[in-house]
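**Student:** Quick one: sequence plus predicted model below, questions after.
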Amino acid sequence: MSTDQKQALIDGLNKDLAGELGAVIQYTTYAAVANGVHRPTLVGFFQGEIPDELGHAQFLANKIAALGGTPTTQPDPVKVGATNRELLELVLEAESRAIQNYTERVSQAEAVGDIGLKVQLEDQIRDETNHREETMRLLEQTSSQGL
């Protein structure tokens with residue numbers, strides 16, 4: 001692995017780590033601000049996602065350190081919607097962005113021959129895809145209910 005490739009991978013993983021740290025904050029905040037008759041469902045959904053995002057963040061921090069980098073402590077900024085629907089739409093955007101970023105990172109891991117990282121990132125893509133699909137179902141189910 002060339003020094004440039006290694007640094008690009010570390011930089012990309014730090015970008016992903018910032019996203020995961022932001023996701024923990026996002027889900028924690030959204031669980032607190034969800035309201036109305038759908039609050040119990042949304043609180044359960046948002047809180048249920050936090051352990052996955054924390055696990056992703058821990059894996060990324062460990063991998064960055066193993067590669068000789070320093071894990072970021074700065075999360076991506078979190079937007080807070082004014083309605084439950086906006087909260088879900090923002091989650092959908094964040095999950096889609098995470099999938100796109102991890103897909104790029106899979107290519108980088110493959111290019112440097114780190115098959116273990118490639119497989120782990122593919123697992124994280126699976127998790128994020130499941131989160132995105134569940135969010136889409138919540139949006140679809142509640143669109144007629146004035147969420």
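**Tutor:** Thanks, I have the structure now.
**Student:** Just the element for Val80, please.
**Tutor:** Val80 is part of no helix or strand, with elements assigned from DSSP states H and E.
**Student:** Check the gap between it and Gln26 for me.
**Tutor:** 8 Å (Cβ to Cβ, to the nearest Å). Placement of C-beta: from N, CA and C, glycine included.
**Student:** Give me the buried positions along the longest helix along the chain.
**Tutor:** Longest helix of the chain, by residue count under DSSP state H: helix 3-33. Applying a neighbour-count criterion of 16 or more other Cβ atoms under 10 Å, one finds 6, 9-10, 12-14, 16-27, 30-31, 33 buried in helix 3-33.
**Student:** which neighbours do Val80 and Gln26 share?
**Tutor:** Residues touching both Val80 and Gln26 (Cβ atoms under 8 Å, 6 or more residues apart in numbering) are Leu90.
**Student:** Could you pull out the helices in this structure for me?
**Tutor:** Listed in chain order, the helices of the chain (DSSP H) span residues 3-33, 39-66, 84-112, 115-142.
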